[in-house]
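Participant: sharing a model that was predicted from the sequence below.
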Amino acid sequence: MTEFQELMLYTCFGAVTGVFIVELIIIIATAISWTKEKIRKRKEAKKSARKVD
């Protein structure tokens, strides 16, 4: 392999690995956000149910 080909290989591998890591972080952050929203809605539903009683 020439030096240029090695540079291209390292660059592409680094880019793909970086995108993969970022996508994992985004998936985890979204899951946490959805869970927090779900918990907040349950608390609001409990408060509204208490007010009706």
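Facilitator: Cool, the structure landed.
Participant: from the chain's centre, how far out does stretch 32-49 sit?
Facilitator: Distance, stretch centre to chain centre, for stretch 32-49: 20 Å (Cα atoms, centre = their mean, to the nearest Å).
Participant: cool, stretch 6-13 as well?
Facilitator: 26 Å.
Participant: just stretch 4-21 next, same as before
Facilitator: Centroid displacement of stretch 4-21 relative to its chain, using Cα atoms, centre = their mean, is 22 Å.
Participant: can you pull out the low-pLDDT segments for this protein?
Facilitator: Regions of the chain meeting the criterion pLDDT under 70 cover residues 52-53.
Participant: can you map out the helices along it?
Facilitator: In the chain, the helices defined using DSSP state H lie at 3-52.
Participant: and for residue 25, the neighbour number?
Facilitator: The number of residues packed near residue 25 is 10, by other Cβ atoms under 10 Å. Just so you know, the C-beta spots here come from the backbone N, C-alpha and C atoms, and that holds for glycine as well.
Participant: where's it relative to residue 35, distance?
Facilitator: Note on residue 25: its distance to residue 35, by Cβ to Cβ, to the nearest Å, is 16 Å.
Participant: what's the answer for residue 15, then?
Facilitator: Computed as Cβ to Cβ, the residue 15 to residue 35 distance reads 31 Å.
Participant: same deal with residue 2?
Facilitator: Distance of residue 2 to residue 35, given as Cβ to Cβ: 50 Å.
Participant: so between the two, which is more surrounded?
Facilitator: When neighbours are counted by other Cβ under 10 Å, residue 2 and residue 35 differ, and residue 35 comes out ahead with 10 against 7.
Participant: for the more buried one, what are its contacts?
Facilitator: Listed by Cβ atoms under 8 Å, 6 or more residues apart in numbering, residue 35 has no contact partners.
Participant: all numbers from here: first residue = 58
Facilitator: Sure, I'll start numbering at 58, so the last one becomes residue 92.
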